[in-house]
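>>> got a structure for you, letters missing:
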């Protein structure tokens, strides 16, 4: 953005002439920088833990439920592991099964699923049942 300033637009208060300034006779163009507006980062979907949990040398204070951190290949591998371990009936959807979701959250957060045995019940239900009800922020 550019602004034009004319000599007539400038009012100088220097009655003694100590700081006299010679003003240009033609209009002067100055560039005015627009302030950069910092966009507030969107809150990542997940659950903030009341108390951080120490697990395998990591301090974990936030559990992400951001499925965009997984690739299609990751989801296929998780599904394969789930099917081998939990043997769901053929043709039955397991995508909202609590055990499947915990496997996904473990992969998203790069922790062993045993981590979720250490979270409190409210957090566990928030991750599993709350997720099923759409309270997780998936897709936000």
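Done, it's in. Keep in mind that this is a model prediction, so the values were computed, not measured. Numbering: from 1, shown residues only.

>>> The nearest residue to residue 112 once chain neighbours are set aside: which element?
Once flanking residues are discounted, residue 112 sits nearest to residue 106: 6.3 Å by CB to CB, 6 or more residues apart in numbering. (C-beta placed from N, C-alpha, C; glycine too.) Take DSSP states H and E as the rule and residue 106 turns out to sit in helix 98-109.

>>> if we can go back for a sec, list the residues that contact the residue nearest to residue 112.
When contacts are counted by CB atoms under 8 Å, 6 or more residues apart in numbering, residue 106 is found next to 112-113, 115-116.

>>> so where is this structure shaky, pLDDT-wise?
Counting by pLDDT under 70, the chain contains low-confidence ranges at 1-42, 135-140.

>>> just the helices in it please.
Shown for the chain, the helices assigned by DSSP state H span residues 72-86, 98-109, 121-132.

>>> Most tightly packed of the ones you listed?
Each of the helices of the chain was scored by mean neighbour count; the highest is helix 98-109, a mean of 20, by mean count of other CB atoms under 10 Å.

>>> which ones among the contacts of residue 106 are found in strands?
The strands, defined by DSSP state E, take in nothing from the contacts of residue 106.

>>> Now that we have those, which of them are buried?
The neighbour-count test (16 or more other CB atoms under 10 Å) marks 115-116 as buried among the contacts of residue 106.

>>> can you redo the contacts of residue 106 as JSON lines with distance to residue 70?
As requested, those are arranged in JSON lines below (distance: CB to CB, whole Å):
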{"residue": "112", "distance to residue 70": "16"}
{"residue": "113", "distance to residue 70": "15"}
{"residue": "115", "distance to residue 70": "17"}
{"residue": "116", "distance to residue 70": "16"}
